[in-house]
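*Asks:* coordinates for the following, if possible.
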Amino acid sequence: MKKHIAALLFITGVVFCFTGCGTLGSEERDEAMENARHYQCQSGESASVVSVAEDVITVTYGEQAFELNRAISASGARYSDSTQEWWEKGDEATIRDVKTGGIIDTCTLTEEK
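*Replies:* Numbers count the residues shown, from 1 in each chain. As a prediction, this is how the structure comes out:
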């Protein structure tokens with residue numbers, strides 16, 4: 001019985017960690033948003049970028065948000081997941097559809113804190 005309880009507690013801890021570890025709380029999220037970089041895109045949409053970990057950013061583009069991991073880049077900073085890519089160099093950034101390779105939008109930095 002003790003083994004079953006210990007196993008249940010372990011599994012519960014793992015589940016809580018996967019659902020909560022690495023997730024920003026409301027205060028941390030507010031602080032991160034204060035440090036966001038803001039972009040104006042050619043399409044008229046706006047984009048914001050927040051660093052949520054050393055090699056992870058959240059890009060908000062229009063009404064969509066993507067959590068992207070740092071990817072290898074010859075120059076600039078590139079972040080990607082299986083669907084979207086954010087590549088920034090200097091004050092310019094490009095959002096690209098990973099599956100088609102097509103450029104979704106090109107954006108220019110407007111505000112950085």
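
*Asks:* quick one: low-confidence parts of the chain?
*Replies:* 1-34, 112-113 (pLDDT under 70).

*Asks:* domains for the chain, by residue range?
*Replies:* Domain segmentation of the chain under automatic domain parsing yields 1-25, 35-112.

*Asks:* which one of these has the most crowded surroundings?
*Replies:* Counting by mean count of other CB atoms under 10 Å, domain 35-112 has the highest mean neighbour count of the domains of the chain, with a mean of 15. Every C-beta, even on glycine, is put in place using the N, C-alpha and C of the backbone.

*Asks:* grab the nearest non-local neighbour of Arg96.
*Replies:* Sequence neighbours aside, Glu85 is the residue nearest to Arg96 in space, at 4.3 Å (criterion: CB to CB, 6 or more residues apart in numbering).

*Asks:* tell me the SS of the one you found?
*Replies:* With DSSP: H, G, I helix; E, B strand; the rest coil as the basis, the three-state label of Glu85 is strand.

*Asks:* mind listing the helices for this protein?
*Replies:* Ranges of helices in the chain, per DSSP state H, are 2-20, 26-34.

*Asks:* all strands of the chain, in order?
*Replies:* For the chain, the strands defined by DSSP state E cover 37-41, 46-53, 56-61, 64-71, 77-80, 84-89, 92-97, 103-112.

*Asks:* partners of the last one, with directions?
*Replies:* Taking DSSP bridges as the criterion, strand 103-112 sits next to strand 37-41 (antiparallel), strand 92-97 (antiparallel) in its sheet.

*Asks:* now the closest residue to Ala93 other than its chain neighbours, which residues is it bridged with?
*Replies:* With sequence-adjacent residues excluded and distances taken as CB to CB, 6+ apart, Ala93 is closest to Cys107, at 4.6 Å. Listed beta-bridge partners, Cys107: Cys41, Ala93 (assigned using DSSP bridges).
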